[in-house]
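Visitor: Quick one, structure for this:
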Amino acid sequence: MTLEERANLGSQLKASGACNCTCAVLMAFQDKLPLSEEDLRKISAGFAAGMGSMEGTCGALIGAVMVAGFLTEGKGTPRYSREIMKKFQESSKATICKDLKGVGRGCVLCECPDCVKNAILALGQTIPIEYE
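Guide: A predicted model of the protein is given here:
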């Protein structure tokens, strides 16, 4: 799957309601992760509506950093997470869930399926991934 195909898959999983944002990112990389679909759903369950129920980091961005940890075997992941976050912020205009959703401002900056797509693209643009 190409990076664009992964981004589209993640976006579709979120848009269909099959996954929360974190889970959608993880599922787009399931073939690269050493966990079952069931385990991916479990570890991402607490990030629906972002960290802390919209108060913290976007769940899609959290998912991208989780995948980065697996892909890099934890080596250099903080540096990669900074770059992923920077790219995500450039494309999505924020990193905090409530800001992305326009809570208190009335202006949505980025819809969830697009956040998922942007997180996957930021990850793929930051970490070299072999695509089959």
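Visitor: Tabulate the CA atom coordinates of the worst-scoring helix or strand of the chain on mean pLDDT in CSV.
Guide: Least confident helix or strand, the chain: helix 97-101 with a mean of 93, by mean pLDDT, DSSP states H and E. Extracted in CSV, the C-alpha atoms of helix 97-101 (Å, rounded to 0.1, in the frame of the first residue of the first chain):
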residue,chain,number,x,y,z
CYS,A,97,-8.5,18.5,19.4
LYS,A,98,-10.8,21.2,20.6
ASP,A,99,-9.0,23.8,18.5
LEU,A,100,-9.2,21.6,15.4
LYS,A,101,-12.9,21.2,16.1
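Visitor: Contacts for the helix or strand just after that helix next, please.
Guide: Downstream of helix 97-101, the first helix or strand assigned by DSSP states H and E is helix 112-126. Helix 112-126 has contacts (C-beta atoms under 8 Å, 6 or more residues apart in numbering) with 3-4, 6-8, 10-15, 21, 24-25, 28-29, 58, 60-61, 63-64, 67-68, 80, 83-85, 87-88, 91-92, 100, 110, 129. Yep, even glycine has a C-beta here, placed from its N, CA and C like the rest.
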